[in-house]
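In: Sequence first, then the predicted structure, then my questions.
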Amino acid sequence: MSRIKQSVCRWCYAKMPLEELARNAAEIGLVGIDLVEPGGFEILKKHKLIGTMTPSHSIEKRLNDKANHAKCLAKIRASIEATSAAGFGNVICFSGNSAPHVNNEAGIANSIHALKQVVGFAEQKKVTICMELLNAKVDHPGYMCHRSDWGAAVAHGVGSERFKLLYDIYHMQVNEGDVIATIRKHKDVIGHYHTGGVPGRNEIDQTQELNYPAIMRAIAETGFGGFVAHEFIPKKDPMTSLREAVGICNI
């Protein structure tokens with residue numbers, strides 16, 4: 001039995017109806033699907049799958065700027081409510097991009113200020129809010145939570161087991177490298193993982209530079225009990241690539 005509970009991100013298979021993706025995911029042996037809106041929860045349950053990460057606010061509506069807090073927090077609260085009602089456990093959030101009036105230090109303070117207003121509700125509902133780490137070099141120029149140390153500072157400032165980081169392996173290899181050492185360093189504040197091949201964010205097989213079996217072993221050795229969701233854009237037949245990815249990460 002694998003020590004890694006695997007999921008898949010909905011948007012990577014956007015052309016496939018959710019019903020079809022859910023059926024395939026269940027057949028492959030995945031436990032759930034990331035980034036499914038609450039309207040799709042019944043389809044997941046039909047196939048005995050979990051919503052492993054619920055969307056909330058957009059990347060552009062940023063927590064690092066107090067001007068956006070009311071709208072972001074309303075979205076997060078609504079996602080927490082729907083996620084809890086479904087019996088699922090995770091809601092995503094984003095730092096957003098840098099702005100002329102928001103430097104790194106202010107961004108950390110503003111994010112903590114926002115998250116402390118909603119984390120008590122997350123604790124009550126037994127839902128974990130996860131801020132995603134994204135690279136600022138290739139895909140998301142200007143994104144503030146692009147280094148694991150920055151995200152960890154927010155997590156420690158919030159100070160709740162119901163706020164964690166979503167460590168995206170693809171994004172962090174692009175932005176800072178040293179993946180396994182970073183996972184070990186920040187294991188206590190990581191609540192979720194995404195995969196993706198580097199470079200290109202395609203299959204996680206031998207065509208790219210990361211050693212995913214070694215990374216999965218390192219994750220398992222930290223005692224991680226959450227989900228690893230595949231977030232790569234397949235170049236080959238989508239379900240063949242997804243099945244291969246599951247095999248690679250079964251350790």
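Out: Yep, that arrived. Numbers count the residues shown, from 1 in each chain.

In: Sticking with the residue nearest in space to the middle of the chain, tell me its helix or strand.
Out: Geometric centre of the chain, nearest residue: residue 166, 4.1 Å, by CA atoms, centre = their mean. For residue 166, the host element (DSSP states H and E) is strand 163-168.

In: what about that strand, average pLDDT?
Out: Averaging pLDDT along strand 163-168 yields 98.

In: Also stretch 91-109?
Out: 92.

In: Look at that stretch and report the distance between its end residues.
Out: End-to-end distance of stretch 91-109 (CA to CA, to the nearest Å): 21 Å.

In: again with stretch 216-233
Out: 20 Å.

In: Could you give me the buried positions within it?
Out: Neighbour-count burial for stretch 216-233 flags 216, 218-220, 224, 226-233 (criterion: 16 or more other CB atoms under 10 Å). Just so you know, the C-beta spots here come from the backbone N, C-alpha and C atoms, and that holds for glycine as well.

In: quick one: secondary structure of residue 184?
Out: Judged by DSSP: H, G, I helix; E, B strand; the rest coil, the three-state class of residue 184 is helix.

In: how far away is it from residue 167?
Out: 12 Å (CB to CB, to the nearest Å).

In: neighbour count winner among those two?
Out: residue 167 (26 against 12; other CB atoms under 10 Å).

In: Would you mind listing where the protein has pLDDT under the threshold?
Out: For the chain, the stretches flagged by pLDDT under 70 are 1.

In: now the strands for it?
Out: Under the criterion DSSP state E, strands of the chain are mapped to 5-9, 32-34, 50-53, 90-93, 128-132, 163-168, 190-195, 227-230.

In: What strands flank the second one, and is each parallel or antiparallel?
Out: In its sheet, strand 32-34 lies beside strand 5-9 (parallel), strand 50-53 (parallel), with partners assigned from DSSP bridges.

In: wait, which of the ones you listed is closest to residue 43?
Out: With CB to CB, the closest approach to residue 43 among those belongs to strand 50-53: 9.9 Å.

In: Give me the contacts around the closest one.
Out: Outside of strand 50-53, the residues within contact range by CB atoms under 8 Å, 6 or more residues apart in numbering are 7, 31-36, 38, 40-41, 44, 83, 86, 88-92, 130, 166, 192, 227, 229.

In: how about the helices in the stretch 1-150 of the chain?
Out: Using DSSP state H, counting those that start in this stretch, the helices of the stretch 1-150 of the chain run over 18-28, 41-46, 69-86, 104-116, 119-125, 148-158.

In: now those helices as JSON lines including mean neighbour count and distance to residue 173?
Out: JSON lines is the format used below for the helices of the stretch 1-150 of the chain (neighbours: other CB atoms under 10 Å; distance: least, CB to CB, whole Å):
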{"stretch": "helix 18-28", "mean neighbour count": "18", "distance to residue 173": "25"}
{"stretch": "helix 41-46", "mean neighbour count": "16", "distance to residue 173": "29"}
{"stretch": "helix 69-86", "mean neighbour count": "18", "distance to residue 173": "28"}
{"stretch": "helix 104-116", "mean neighbour count": "20", "distance to residue 173": "21"}
{"stretch": "helix 119-125", "mean neighbour count": "17", "distance to residue 173": "29"}
{"stretch": "helix 148-158", "mean neighbour count": "20", "distance to residue 173": "11"}
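
In: With residue 207 as the reference, name the closest of those helices.
Out: Of these, nearest to residue 207 by CB to CB is helix 18-28, at 20.2 Å.

In: Compute the inter-axis angle for that closest one and strand 5-9.
Out: Relative orientation of helix 18-28 versus strand 5-9 (axes from the mean of the first three to the mean of the last three CA atoms, to 10 degrees): 160 degrees.

In: Now for residue 185, how many residues are close by?
Out: The burial count for residue 185: 14, using other CB under 10 Å.
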